[in-house]
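Student: predicted model and sequence below, questions to follow.
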Amino acid sequence: MADFDFFDPDFQKNTQRHFQRMQKECPFAHADKPFDWYAVTREADVAGLLKDWELWTSNSGPGLAHAEGGVLVSVDPPEHLFDRRLINKAFSPAQLLAMEDEIAELVRNLIDGFVQKGEGDLMQLFAVPVPLIVIARLLGIDEEVALNIRPTAEGVIHPSTPPGKIPRPPMDTPGHLYLKGVLDERRQKIAAGETLPDDVITSLITAELDGRSLNDEEVMGFMFFLFIAGSQTTTQLIGNLIYRLLEHPDQLDMLKNDWDLLPNAVEESLRFDSPVNGLFRTNTRETELGGRALQKDTKVICMFGAANVDPEFWGDTAGQFDITRPYQQTKRHYAFGKGIHYCMGAPLARLEARIAVRAILDRLPGLRLTGAPEEIAAHVMHGVDTLPVAWNT
Amino acid sequence: MTRLTIDHDKCLSSGQCAYLQPELFELSDDGTPSVLNDSPDGDFIAKAKDAIEMCPAQAISLSE
């Protein structure tokens, strides 16, 4: 008998309630679809697993599948340190924060394009394109193509995941094929001695660290991962924050009267509606978890979203959305993970969310929900997939 | 003499400093970092700068 069903639609609807029930009734929860796996939900247990990366490896991939090979989120040291150093420069916080004016202009232009409509789905109009275009520019891929490909994290936890080790999935999706084309073009430019644009593709193909450089497959792996990690997550952050503010008009008013609360509102959204519910780790040897013996290579998900609403850690108000929660407390959330795999794009996500949400609230007066949003169907992700709204024109 | 410090109000406990430069930083059990060598010199200056550059909270600084 399983303790919870991640594929139950109610899980996405009432995620915080489900997490708090699991913390109380089954802190080491067992799921049996499509095979046996476990979930840790208490803050102390999530912290413990993330810290002990030698026992709880990422080498089998961050998803439910026992995948082999990969970059960044799918490897531990020493490879992880190599990967991280390769893109350090492009993802250094100072570099990302320098994109502020460019992001503000992009946001302005996007809003100009739909402000006269007076109503629409704010996810499709706004929360989806902003992060996609930003990450496309950062990586060096075509914006129109990026908007059409729109990669998703659906595969991370999928009901049809096969048990046991699986070979790396074929890189033949339209997104992969497009990236391969970009890569080939760059290689030709290098061969012809032409100047290369200053973007992440160039950094990746020209990078050399300790005499090692990346082959095409590795560059593609990086690109695709950064493309997904840099878009859908931030789309959720922007959408989730706007949704909660519309759901709590008193807090929306408070924010509009005191924009100094904005960074805290972003952190509270990350805490309360962690865009990524959690990611998996896999034990490298037999171990015990919550009094249960686990064989080597068991998949256990660290529920970031659950750690974020654990009353043991946050107190009795853990299950409430409150942008006035003190920043020194709010900032301790797990939405970006913790430890060696802490999200490299965190400064960019925060920046995009602040600019995007401020602009929407400034430029769409009388913004209100016109229906109930639908929840996203990709199980690793959490939040709204549609945001039907209207505003005064 | 240079001085390496962490601004704990800004710190987000990501743990990146101790991961990237374990000779200069360590983490307590609750993930709070501390500086192991607050007056780095020689090669350690470059290492400190690496940690400063990569801190997602921009909470580390090196002053003269």
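Tutor: Nice, thanks for sending it over. Numbers count the residues shown, from 1 in each chain, chains lettered A, B, ... in the order given.
Student: and the residue of chain A nearest chain B?
Tutor: Nearest residue of chain A to chain B, counting by C-beta to the nearest C-beta: A:Tyr342, 3.9 Å away. (Each C-beta comes from the backbone N, C-alpha and C, glycine too.)
Student: list the contacts of that residue.
Tutor: Neighbouring residues of A:Tyr342 by C-beta atoms under 8 Å, 6 or more residues apart in numbering or on different chains: A:Phe336, B:Ser14, B:Gly15, B:Gln16, B:Pro56.
Student: isn't the second one up against A:Phe336?
Tutor: Yes: when contacts are counted by C-beta atoms under 8 Å, B:Ser14 is listed as touching A:Phe336 (7.3 Å).
Student: picking up where we left off before, got the phi and psi for the residue of chain A closest to chain B?
Tutor: phi -50, psi 140 (degrees, to the nearest 10).
Student: that one and A:Pro365, how far apart?
Tutor: 38 Å (C-beta to C-beta, to the nearest Å).
Student: got the residues of chain B near chain A?
Tutor: For chain B, the residues in contact with chain A (C-beta under 8 Å from any C-beta of the partner chain) are B:9, B:12-16, B:19-20, B:31, B:50, B:53-58.
Student: is it possible to mark the buried ones in the residues you listed?
Tutor: The neighbour count (16 or more other C-beta atoms under 10 Å in any protein chain shown) marks B:12-16, B:19-20, B:31, B:50, B:53-58 as buried among the residues of chain B next to chain A.
Student: so which bits of chain A are right by chain B?
Tutor: Contacts of chain A with chain B, taken as C-beta under 8 Å from any C-beta, map to A:47, A:51, A:81, A:84, A:88, A:92-94, A:328, A:331-332, A:336, A:338-340, A:342-344, A:346-347.
Student: ok, of these, which come out buried?
Tutor: The buried subset of the residues of chain A next to chain B - by 16+ other C-beta under 10 Å - is A:47, A:51, A:84, A:88, A:92-93, A:331-332, A:336, A:338-340, A:342-344, A:346-347.
Student: tell me where chain B has strands.
Tutor: The residue ranges that make up the strands of chain B, judged by DSSP state E, are B:3-6, B:25-27, B:33-35, B:60-63.
Student: let me have those strands in JSON lines, extended by mean neighbour count and mean pLDDT.
Tutor: Below are the strands of chain B laid out as JSON lines (neighbours: other C-beta atoms under 10 Å in any protein chain shown; pLDDT from 0 to 100):
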{"stretch": "strand B:3-6", "mean neighbour count": "17", "mean pLDDT": "96"}
{"stretch": "strand B:25-27", "mean neighbour count": "18", "mean pLDDT": "94"}
{"stretch": "strand B:33-35", "mean neighbour count": "18", "mean pLDDT": "95"}
{"stretch": "strand B:60-63", "mean neighbour count": "16", "mean pLDDT": "94"}
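Student: so which of those strands is nearest A:Ile141?
Tutor: Closest of the strands of chain B to A:Ile141 is strand B:60-63, at 32.4 Å (criterion: C-beta to C-beta).
Student: that closest one pairs with which strands?
Tutor: Applying DSSP bridges to the sheet, strand B:60-63 is found paired with strand B:3-6 (antiparallel).
Student: what are the contacting residues of the strand it pairs with?
Tutor: With C-beta under 8 Å, 6+ apart as the criterion, strand B:3-6 contacts B:17, B:24-25, B:33-35, B:37-40, B:48, B:59-64.
Student: which phi and psi does the residue of chain B found nearest chain A have?
Tutor: Closest residue of chain B to chain A, C-beta to the nearest C-beta: B:Ser14 (3.9 Å). The phi/psi pair for B:Ser14 (degrees, to the nearest 10) reads phi -70, psi -20.
Student: if we can go back for a sec, ok, and the closest non-adjacent residue to the residue of chain A closest to chain B?
Tutor: B:Ser14 (3.9 Å; C-beta to C-beta, 6 or more residues apart in numbering or on different chains).
Student: for residue 12, what are its contacts?
Tutor: All of this is about chain A. If you count contacts by C-beta under 8 Å, 6+ apart, A:Gln12 has them with A:Glu375, A:Ile376, A:Ala377, A:His379, A:His382.
Student: not what I meant, chain B
Tutor: Neighbouring residues of B:Leu12 by C-beta under 8 Å, 6+ apart: A:Lys331, A:Ala346, B:Pro56, B:Ala57, B:Ala59.
Student: among these, which are in helices?
Tutor: Among the contacts of B:Leu12, DSSP state H puts A:Ala346 in helices.
Student: got TSV for the contacts of B:Leu12, with pLDDT too?
Tutor: Below are the contacts of B:Leu12 laid out as TSV (pLDDT from 0 to 100):
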residue	pLDDT
A:Lys331	91
A:Ala346	93
B:Pro56	88
B:Ala57	89
B:Ala59	95
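Student: remind me, longest helix of chain B?
Tutor: Longest helix in chain B, counting residues (DSSP H): helix B:43-54.
Student: buried residues in it?
Tutor: So for helix B:43-54, counting by 16+ other C-beta under 10 Å, buried means B:Phe44, B:Lys47, B:Ala48, B:Asp50, B:Ala51, B:Ile52, B:Glu53, B:Met54.
Student: rounded mean pLDDT for it, please.
Tutor: What helix B:43-54 shows for mean pLDDT is 91.
Student: packing partners of it?
Tutor: When contacts are defined as 3 or more C-beta pairs under 8 Å, 6 or more residues apart in numbering or on different chains; DSSP states H and E, helix B:43-54 packs onto helix A:93-97, helix B:16-20, strand B:60-63.
Student: now do it: distance to the chain's middle.
Tutor: Centroid separation between helix B:43-54 and its chain, computed with C-alpha atoms, centre = their mean, to the nearest Å, is 8 Å.
Student: now the element after the helix or strand harbouring A:Arg281, going C-ward?
Tutor: Using DSSP states H and E, the element containing A:Arg281 is strand A:279-283. Counting by DSSP H and E, the next helix or strand C-terminal to strand A:279-283 is strand A:287-289.
Student: list the buried residues of whichever helix or strand comes after that next one.
Tutor: Once strand A:287-289 ends, the next helix or strand along the chain (criterion: DSSP H and E) is strand A:292-294. Using 16+ other C-beta under 10 Å as the test for burial, strand A:292-294 gives A:Leu294.
Student: would TSV of the strands of chain B with distance to A:Ala31 be doable?
Tutor: As requested, these are exported to TSV (distance: least, C-beta to C-beta, whole Å):
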stretch	distance to A:Ala31
strand B:3-6	39
strand B:25-27	31
strand B:33-35	35
strand B:60-63	40
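Student: nearest to A:Ala318, of the ones you listed?
Tutor: strand B:25-27 (24.4 Å).
Student: mind checking how far the closest one is from the chain centre?
Tutor: Offset of strand B:25-27 from its chain centre (C-alpha atoms, centre = their mean): 8 Å.
Student: helices or strands next to it in the packing?
Tutor: Using 3+ C-beta pairs under 8 Å, 6+ apart: strand B:25-27 touches helix B:16-20, strand B:33-35.
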